[in-house]
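**Q** have a look; sequence and predicted model below, questions after that.
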2 protein chains.
Amino acid sequence: MTAPRLQSWTAIVEEVTRRIASGDWAPGALIPNEADLAAEFGCSRTTVNRALRDLADKGVLDRRRKAGTRVRDLPDSRARLDIPIVRKQVERRGAQHGYHLLHRDHSAPPPAIAAQLELEAGQKALHLTSLHTADGQPFVLEDRWISTLAVPDALQADFAACNANEWLVQNVPLSTGEIGLSAAPAGAEEAEVLGCAPGTALFRQDRLTRNAGMPVTAVTMLFAPGYRMRLDL
Amino acid sequence: MTAPRLQSWTAIVEEVTRRIASGDWAPGALIPNEADLAAEFGCSRTTVNRALRDLADKGVLDRRRKAGTRVRDLPDSRARLDIPIVRKQVERRGAQHGYHLLHRDHSAPPPAIAAQLELEAGQKALHLTSLHTADGQPFVLEDRWISTLAVPDALQADFAACNANEWLVQNVPLSTGEIGLSAAPAGAEEAEVLGCAPGTALFRQDRLTRNAGMPVTAVTMLFAPGYRMRLDL
DNA sequence: ATTCATATTATGTGCATACATAAATTCAAG
DNA sequence: CTTGAATTTATGTATGCACATAATATGAAT
């Protein structure tokens, strides 16, 4: 029996995946090197390389020069999390997105925020509080501080008309940052705005965004009760 | 002035990123095609392709055959979420991991779970409730149903000694699935086990795992108060 | 036995080339 | 004007080759 030729990198991904799933290649085991696999599959090493690189990206394989490629032992569950702008999230649910600026000032943020934005004591930042709605119902409450050092233009922007979420994505492209996901009880004011009882368990998302290493904005988003973030493994 | 030659795909990623960040290439705009960029950078199209593919993976660019490559307009924030097994999560915090099986039975799950596991009415599944601790403190409460259709071996496994989380990762390699993240109030029993007041806002993770399309296990994990899932953009 | 330089090896990357494929565009037929 | 077939074009992928690089393995010198 001659093995069927596998000459597309996706076919190789599938075959390797199959061998691992079937236990043929056990967790932790070393697999043949690229040259040997290329010979076995009847394709070039480039193609094998592409496939194995893809599986390493997915966290299925561990690769090290000279040491070779092995099946990961206790692979993490790895998922890609795409967080669209709020408007898209609402529209994806088939609802009409609404936006209301609740509060705007230019003041010194609390110490924790100042530290995140790397501001000197007493230095001011732009503070925006706003509510996004889905078909008129509260969807998420956004409490945002924007560093006017990083984005001086923000002081001129009309955030009553254009929400900060989208303004920043368009005006400060390609930012990096950190996200924290947690659960928090609704405070009195938050409960009022979101239309729930104080103390209700809310899904909370904290985000610090940087552009070229410089902190741009720190946001806390409190989602209305029932919100669920869904993702595929 | 001659442009410096960029002959590594990472250098090209950086240059393209710079051009977008600087506004040189605006969101939504079409960028030059691969052949032209290759000529400009003094490298082969293969190298440009590799770089642009990488940026498309990251969600920075949109590429379509014939239509060309454009800068994404309202790019989602994209993060890679790695969820290690619970033991690793605890150990990463520098704490000692503990595991206690609280409950085990083989019974018919509630309808919602039965539907997820694609079980016929009345069909039984393995039900495990367990607590993971960090330095003796409650860390996460796990409520898990395992489909014995998909994993008959699970009935023989000793889940008092080996936690189901790791047993499954090792015995059912390469599974896919869906995760839901939400906030939930602690119920009476849950509060008792986790050592918090009933109604406390808890971070909740629901997971359905499949292997080769077949539902394997459905878990709900309730994290002790203060848990925060952190991820990088 | 220990240390350090050297050889070996598997992956990482780049190039030139060729052909495949999706999709926009063009253009002819009705 | 509409429909649909043919053309064009930008990306997608495969190949053979070459060299770079990291890390292990080897072996000589102390």
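**A** Thanks, I have the structure now. From a predicted model like this one, the values you see are computed outputs, not experimental measurements. Numbering: from 1, shown residues only, chains lettered A, B, ... in the order given.
**Q** so where do the strands sit in chain A?
**A** Here chain A has its strands, by DSSP state E, at A:30-31, A:61-64, A:68-71, A:77-83, A:97-107, A:125-134, A:137-146, A:176-185, A:201-211, A:214-223, A:228-232.
**Q** against DNA strand C, how distant is the closest residue to DNA strand D within chain A?
**A** Nearest residue of chain A to DNA strand D (C-beta to the nearest atom of the strand) works out as A:Ser8 at 2.7 Å. (C-beta placed from N, C-alpha, C; glycine too.) According to C-beta to the nearest atom of the strand, to the nearest Å, A:Ser8 stands 9 Å off from DNA strand C.
**Q** so that residue sits right up against A:Val48, yeah?
**A** No - counting by C-beta atoms under 8 Å, A:Ser8 stays clear of A:Val48, with 11.2 Å between them.
**Q** so where is chain A shaky, pLDDT-wise?
**A** Applying pLDDT under 70 to chain A flags the ranges A:1-3.
**Q** walk me through the domains of it.
**A** A:9-71, A:86-223 (automatic domain parsing).
**Q** just to revisit the earlier point, so which of A:Ser8 and A:Val48 has more stuff around it?
**A** Taking other C-beta atoms under 10 Å in any protein chain shown, A:Ser8 and A:Val48 do not tie; A:Val48 has more neighbours (25 against 14).
**Q** how about the contacts made by the more buried one?
**A** A:9, A:12, A:34, A:37-38, A:41 (C-beta atoms under 8 Å, 6 or more residues apart in numbering or on different chains).
**Q** in helices, which of these fall?
**A** A:9, A:12, A:34, A:37-38, A:41 (DSSP state H).
**Q** would you turn those residues into JSON lines with neighbour count?
**A** Formatted as JSON lines, the ones in helices among the contacts of A:Val48 follow (neighbours: other C-beta atoms under 10 Å in any protein chain shown):
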{"residue": "A:Trp9", "neighbour count": "18"}
{"residue": "A:Ile12", "neighbour count": "23"}
{"residue": "A:Glu34", "neighbour count": "19"}
{"residue": "A:Leu37", "neighbour count": "22"}
{"residue": "A:Ala38", "neighbour count": "19"}
{"residue": "A:Phe41", "neighbour count": "21"}
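**Q** DNA strand C versus the residue most central in space within chain A, what's the distance?
**A** Most central in chain A under C-alpha atoms, centre = their mean is A:Leu81, positioned 4.6 Å from the mean C-alpha point. Computed with C-beta to the nearest atom of the strand, the distance linking A:Leu81 and DNA strand C is 24 Å.
**Q** residues contacting that residue?
**A** Contacts of A:Leu81 by C-beta under 8 Å, 6+ apart are A:229, A:231, B:78-81, B:231.
**Q** let's see it at 10 Å
**A** A:179, A:181, A:229, A:231-232, B:76-81, B:179, B:181, B:231, B:233 (C-beta atoms under 10 Å, 6 or more residues apart in numbering or on different chains).
**Q** buried ones only from those, please, as a PyMOL command.
**A** In PyMOL, this line selects whichever of those come out buried by 16 or more other C-beta atoms under 10 Å in any protein chain shown:
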select buried, (chain A and resi 179+181+229) or (chain B and resi 76+77+79+81+179+181+231+233)
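**Q** shared neighbours, A:Ser8 and A:Val48?
**A** Common neighbours of A:Ser8 and A:Val48 (C-beta under 10 Å, 6+ apart) are A:Phe41.
**Q** before we move on, back to that, kindly reformat the strands of chain A as CSV containing distance to A:Ala164.
**A** What follows is the strands of chain A, written out as CSV (distance: least, C-beta to C-beta, whole Å):
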stretch, distance to A:Ala164
strand A:30-31, 49
strand A:61-64, 41
strand A:68-71, 45
strand A:77-83, 15
strand A:97-107, 9
strand A:125-134, 5
strand A:137-146, 6
strand A:176-185, 15
strand A:201-211, 11
strand A:214-223, 8
strand A:228-232, 21
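**Q** turn those strands into JSON lines, columns for distance to DNA strand D.
**A** Supplementary listing: the strands of chain A in JSON lines, determined by distance: least, C-beta to the nearest atom of the strand, whole Å:
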{"stretch": "strand A:30-31", "distance to DNA strand D": "11"}
{"stretch": "strand A:61-64", "distance to DNA strand D": "5"}
{"stretch": "strand A:68-71", "distance to DNA strand D": "9"}
{"stretch": "strand A:77-83", "distance to DNA strand D": "17"}
{"stretch": "strand A:97-107", "distance to DNA strand D": "31"}
{"stretch": "strand A:125-134", "distance to DNA strand D": "33"}
{"stretch": "strand A:137-146", "distance to DNA strand D": "34"}
{"stretch": "strand A:176-185", "distance to DNA strand D": "24"}
{"stretch": "strand A:201-211", "distance to DNA strand D": "26"}
{"stretch": "strand A:214-223", "distance to DNA strand D": "29"}
{"stretch": "strand A:228-232", "distance to DNA strand D": "20"}
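**Q** which one of those strands lies nearest to B:Trp145?
**A** Nearest to B:Trp145 among these is strand A:77-83; the distance by C-beta to C-beta comes to 17.6 Å.
**Q** the inter-axis angle of that closest one versus strand B:228-232?
**A** 80 degrees (axes from the mean of the first three to the mean of the last three C-alpha atoms, to 10 degrees).
**Q** strand A:77-83 vs strand A:214-223, what angle?
**A** 90 degrees.
**Q** off-centre distance for strand A:77-83?
**A** Its chain's C-alpha centre lies 7 Å from the corresponding centre of strand A:77-83 when counted by C-alpha atoms, centre = their mean, to the nearest Å.
**Q** likewise stretch A:123-136?
**A** That offset, for stretch A:123-136, works out to 20 Å (C-alpha atoms, centre = their mean).
**Q** contact partners for A:Leu128?
**A** Per C-beta under 10 Å, 6+ apart, neighbours of A:Leu128: A:101-105, A:142-146, A:154, A:157, A:159-160, A:163-165, A:217, A:219.
**Q** could you rerun that using 6 Å?
**A** Listed by C-beta atoms under 6 Å, 6 or more residues apart in numbering or on different chains, the contact set of A:Leu128 reads A:104, A:144, A:159, A:164.
**Q** scan the residues you listed and report the most crowded one.
**A** Going by other C-beta under 10 Å, A:Arg144 tops the contacts of A:Leu128 with 23 neighbours.
**Q** I figured that residue hits A:Met221, correct?
**A** No - when contacts are counted by C-beta atoms under 6 Å, A:Arg144 is not listed as touching A:Met221 (8.7 Å).
**Q** what's the closest of the ones in helices among the contacts of A:Val48 to chain B?
**A** Among the ones in helices among the contacts of A:Val48, A:Trp9 lies closest to chain B (C-beta to the nearest C-beta), at 12.2 Å.
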